[in-house]
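**Student:** Provided below for reference: sequence and predicted model.
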Amino acid sequence: MTAIIEDASIRHVDRLYEIEMECFEKAAFTKRQIAQLLTDYNSVGLVAKENHKVVGFVIAMIYVDRNKLSGHILTIDVSLAHRRKGIGQMLLQEVEKILKAKGVKTCHLEVREDNVAAISLYRKFSYQKIGKLKNYYGKADGIYLKKALT
């Protein structure tokens, strides 16, 4: 079954927190942080649903960088039972499309250096490594990736 992508809202916060904890454990956003992100005027939040159940989500922020709008993907999560079905790809495509429609020129994100599946997805979507982030995820290093939204 193909997932359906919809706008995320505060009513999804409990389920989003469950998925966030499943995906990131100690490095996860708190439920309060997720709620704040979802209600921020500059955020874009989307959920992926299968059979009316949220199975993944993405939250991005829009901000001004050198007089241009920039996007920052803060988290993209897919429940473990629903991985390898293209849901992460669908969420990434849709959030980029929305950011671009809002006038965003570049998008960036951070990823754990050992998250091979996520890095592969981001490379597929033309994200380029800009730098390494020492101890960004506690004792684990991260990678800073960026791409132009053209």
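**Tutor:** Right, received. Where do you want to start? As the structure is a prediction and not an experimental result, all values here were calculated from the model.
**Student:** in stretch 120-128, which residues are buried?
**Tutor:** 121-122, 127 (16 or more other Cβ atoms under 10 Å). Any C-beta I mention is one placed from the backbone N, CA and C, and that applies to glycine too.
**Student:** and for stretch 24-43?
**Tutor:** Quick answer for stretch 24-43 (16+ other Cβ under 10 Å): 28-29, 34-35, 37-38, 43.
**Student:** can you check stretch 126-140 too?
**Tutor:** Buried, per 16+ other Cβ under 10 Å, within stretch 126-140: 127, 133, 136-137.
**Student:** dump the residues you listed to a markdown table, plus secondary structure, pLDDT and distance to K102.
**Tutor:** Below are those laid out as a markdown table (DSSP: H, G, I helix; E, B strand; the rest coil; pLDDT from 0 to 100; distance: Cβ to Cβ, whole Å):
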| residue | secondary structure | pLDDT | distance to K102 |
| --- | --- | --- | --- |
| Y127 | coil | 96 | 19 |
| L133 | strand | 90 | 26 |
| Y136 | strand | 80 | 27 |
| Y137 | strand | 80 | 29 |
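**Student:** can you tell me the helix or strand for C107?
**Tutor:** Using DSSP states H and E, C107 sits in strand 106-112.
**Student:** how about K146?
**Tutor:** Counting by DSSP H and E, K146 is found in strand 140-148.
**Student:** relative to the whole chain's centre, how far out is that strand?
**Tutor:** Its chain's C-alpha centre and that of strand 140-148 lie 13 Å apart, by Cα atoms, centre = their mean, to the nearest Å.
**Student:** what do you get for stretch 70-86?
**Tutor:** So, by Cα atoms, centre = their mean, the centroid of stretch 70-86 is 6 Å from its chain's centroid.
**Student:** hmm, back to that, name the nearest of the buried residues of stretch 126-140 relative to K100.
**Tutor:** Y127 (14.6 Å; Cβ to Cβ).
**Student:** residues contacting the closest residue to the closest one other than its chain neighbours?
**Tutor:** Using Cβ to Cβ, 6 or more residues apart in numbering and skipping the chain neighbours, the partner closest in space to Y127 is L145 (4.0 Å). For L145, the contact set (Cβ atoms under 8 Å, 6 or more residues apart in numbering) comprises 108-111, 122, 127-130.
**Student:** most widely separated two among the buried residues of stretch 24-43?
**Tutor:** Farthest apart among the buried residues of stretch 24-43 by Cβ to Cβ are A28 and S43. That separation is 17.4 Å.
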